[in-house]
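Chemist: What follows is a predicted protein model with its sequence.
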Amino acid sequence: MSTRRIVDLLRTGQPNQTVTVQGWVRTKREQKEFCFVEVNDGSSMVGLQAILTPDLPNYADLVKRLNTGASVEISGTLVESPAKGQRIELRSTAVTIYGEADPETYPLQKKRHSFEFLRTIAHLRSRTNTLGAVFRVRNACAAAIHQFFQERGFLWVHTPIISANDCEGAGELFTVTTLDLKNVPRTDDQEIDYSQDFFGRRAFLTVSGQLEAEIMAMAFTNVYTFGPTFRAEDSNTSRHLAEFWMIEPEMAFCDLEGNMDLAEAFLKHIFKSVLEQCPEDMEFFNQRIDNSVLATAENIINSAFERITYTEAIALLEKADRAFEFPVSWGLDLQSEHERYLAEELFKKPLIVTDYPAAIKAFYMRMNDDGKTVRAMDILAPKIGEIVGGSQREERLDVLQRRIRELGLPEEDLWWYLDLRRFGTVPHAGFGLGFERVVQFMTGMTNIRDVIPFPRFPLSAEF
């Protein structure tokens, strides 16, 4: 008898089928003549109710050992359920207990636990309803991302996790070293001598795969990365992680308009796919976490994104009938409160802001003819603010070199990046999307640490 996933049985299982399920006990209810056990294997929000009767071998011992958290295999026959809210249940003929869970010490008893507490037991929290739903949505979202790009002929490229470049110029990098920290080699001027390190130079955990993706786009036209990135930002907010995943497509022969079109289609696709693949989980979030989750998703899917320039956005913010915490002035970056006002209150739908001041954007963004702004774009969404950031890249060698010098960046470290402009340069563009940020947005979860299985943040690197 083959083992069946519980989600499949709940959807298509029929009375009189003989089946075997495996999973973990969520609840146990003892009656005089029998015992109800709910088993969940992680495939769905709800579990399958199994009925244990005294004719089972060692019935009394089984019931005593089948506590919340125990792992089991149960075989039997599906029958119609007289109980409200469930179509079928399993009349058990054989029960095997693989691992017991002591009710005195198992921390996930049937009661409400705070998310703060659950973070301290990240090795067990995935067995809860909320975290189980989060990680099913995360999986469906990841699958939808690959589907979107693969159907359009993009090549998935694996960019390095160890890098010598700070793509964003933020300086918040984790150094990778094999130097003896008790006896660090020094140069004549007492700087750390990285020439004696493993790579013969200073190396970091990557903050972005974009620059390497540009290399690959110059050979394969359309590529995307999907992998871990790292920021050594000493931030303890609900929006920041030290380790997170990024999706970064890069397209040759593409300008800012094409970049915006692809990013909008991309967001619509992944939201639509998750709603189709995880309807019960999304309904759960709408009921228990944020009652606007489904409406927000529908707004993403069905609304044409508004498009305005940064200059227009500043003018709208200056006219706003409210006092913002952070000042609004041309040349300053938009803060989350500004972004959310535009998306949530003013336009009431996602919008794309373009053409930001060059002074607040990265060196690789294409300079506009005005000499003051660059061909950048951010997608702002209700509830969260910026969800996608991207740009048309600077493909002109002389302009890129001038920009690198203006910012005081080491041109010699970017020789290979400049070569891409020397040999067959083309207009190209791309964007980046923080994977956890979009899962947080989809689910309505208030803390980004609750949408990644093992969150990394200051003073926390367990598991």
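Modeler: Yes, it's here.
Chemist: So, low pLDDT: which residues of the chain?
Modeler: Within the chain, the segments meeting pLDDT under 70 span 1, 166-171.
Chemist: try it again with 50
Modeler: Applying pLDDT under 50 to the chain flags no residue at all.
Chemist: Let me see the ranges of the helices in it.
Modeler: With DSSP state H as the criterion, the chain has helices at 6-12, 59-65, 115-119, 129-151, 210-220, 256-277, 279-288, 293-302, 310-319, 336-340, 397-406, 415-422, 435-443.
Chemist: The fifth one packs against which elements?
Modeler: By that I understand helix 210-220. strand 222-230, strand 243-252, helix 415-422, strand 428-434 (3 or more C-beta pairs under 8 Å, 6 or more residues apart in numbering; DSSP states H and E). Where C-beta positions appear, they are placed from N, C-alpha and C, glycine not excepted.
Chemist: can you count the residues close to residue 62?
Modeler: Using other C-beta atoms under 10 Å, residue 62 has 18 neighbouring residues.
Chemist: next one: residue 322
Modeler: 8.
Chemist: go on, the one 3 residues further on?
Modeler: In terms of burial, residue 325 registers 8 neighbours under the definition other C-beta under 10 Å.
Chemist: OK, contacts around the closest residue in space to it that isn't next to it in sequence?
Modeler: The shortest distance from residue 325 to any non-neighbouring residue, by C-beta to C-beta, 6 or more residues apart in numbering, is to residue 337 (6.0 Å). With contact taken as C-beta atoms under 8 Å, 6 or more residues apart in numbering, residue 337 is in contact with 324-326.
Chemist: change it to 10 Å
Modeler: Residues counted as contacts of residue 337 (C-beta atoms under 10 Å, 6 or more residues apart in numbering) are 317, 322, 324-326, 328, 385.
Chemist: Surely residue 244 touches residue 229?
Modeler: Yes: contact criterion C-beta atoms under 10 Å: residue 244 and residue 229 qualify, at 6.2 Å.
Chemist: which of these two has more neighbours?
Modeler: Shown here are residue 244 and residue 229; by other C-beta under 10 Å, residue 229 has more neighbours (25 against 19).
Chemist: Please name the spatially closest residue to that one (chain neighbours excluded).
Modeler: residue 246 (4.7 Å).
Chemist: Any idea what that neighbour is bridged to?
Modeler: Residue 246 has these beta-bridge partners by DSSP bridges: residue 227, residue 434.
Chemist: That one reaches residue 432, doesn't it?
Modeler: Yes: here residue 246 reaches residue 432: they are 5.6 Å apart, a contact under C-beta under 10 Å.
Chemist: who touches both of the two?
Modeler: 208-210, 225, 229.
Chemist: Could you point out which of those is nearest to residue 63?
Modeler: residue 229 (49.4 Å; C-beta to C-beta).
Chemist: pretty sure the closest one is touching residue 162, no?
Modeler: No: counting by C-beta under 10 Å, residue 229 sits too far from residue 162 to count as a contact (12.0 Å).
Chemist: Quickly list what's touching both of those two.
Modeler: In contact with both residue 229 and residue 162: 205-206, using C-beta under 10 Å, 6+ apart.
Chemist: how many neighbours does residue 81 have?
Modeler: 16.
Chemist: Phi, psi for it please.
Modeler: phi -100, psi 130 (degrees, to the nearest 10).
Chemist: That one contacts residue 49, correct?
Modeler: Yes: if you go by C-beta under 10 Å, residue 81 and residue 49 touch, sitting 6.9 Å apart.
Chemist: okay, and the common contacts of these two?
Modeler: 88-90.
Chemist: Got a PyMOL select line for the buried ones in the residues you listed?
Modeler: Per 16 or more other C-beta atoms under 10 Å, the buried members of the shared contacts of residue 81 and residue 49 correspond to this PyMOL selection:
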select buried, resi 88+89+90
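Chemist: between the contacts of residue 337, which is nearest residue 234?
Modeler: Of all the contacts of residue 337, residue 326 has the smallest distance to residue 234: 20.3 Å, by C-beta to C-beta.
Chemist: Can you report how many residues lie near the nearest residue to that closest one once chain neighbours are set aside?
Modeler: Counting by C-beta to C-beta, 6+ apart, residue 326 lies nearest to residue 335, which is 4.3 Å off, once chain neighbours are set aside. Residues within reach of residue 335, counting by other C-beta under 10 Å, total 17.
Chemist: what about residue 335, distance to residue 379?
Modeler: 16 Å (C-beta to C-beta, to the nearest Å).
Chemist: so where do the strands sit in the stretch 1-150 of the chain?
Modeler: 18-30, 35-40, 48-52, 71-80, 88-99 (DSSP state E, counting those that start in this stretch).
Chemist: ok and the shortest one relative to strand 18-30, angle-wise?
Modeler: Regarding strand 48-52 and strand 18-30, their directions subtend 80 degrees when assessed with axes from the mean of the first three to the mean of the last three C-alpha atoms, to 10 degrees.
Chemist: picking up where we left off before, could you name the stretch from the helices of the chain that's closest to residue 238?
Modeler: helix 435-443 (8.7 Å).
Chemist: And the closest one, how far out from the chain middle?
Modeler: On the basis of C-alpha atoms, centre = their mean, to the nearest Å, helix 435-443 sits 5 Å off its chain's mean C-alpha point.
Chemist: Okay, buried residues for stretch 74-82 please.
Modeler: Buried positions in stretch 74-82, judged by neighbour count with 16+ other C-beta under 10 Å: 74-76, 78, 81.
Chemist: List just the nearest of those to residue 115.
Modeler: residue 74 (31.1 Å).
Chemist: Touching, the closest one and residue 90? I think so.
Modeler: Yes: between residue 74 and residue 90 there is a contact under C-beta under 10 Å: 6.3 Å.
Chemist: any common contacting residues for those two?
Modeler: Shared contacts of residue 74 and residue 90 (C-beta under 10 Å, 6+ apart): 19-21, 37, 39, 48, 50-52.
Chemist: could you dump those residues to a markdown table with distance to residue 106 and neighbour count?
Modeler: Shown next, in a markdown table, are these (distance: C-beta to C-beta, whole Å; neighbours: other C-beta atoms under 10 Å):
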| residue | distance to residue 106 | neighbour count |
| --- | --- | --- |
| 19 | 27 | 20 |
| 20 | 25 | 16 |
| 21 | 21 | 24 |
| 37 | 15 | 27 |
| 39 | 16 | 24 |
| 48 | 21 | 27 |
| 50 | 19 | 23 |
| 51 | 23 | 17 |
| 52 | 20 | 24 |
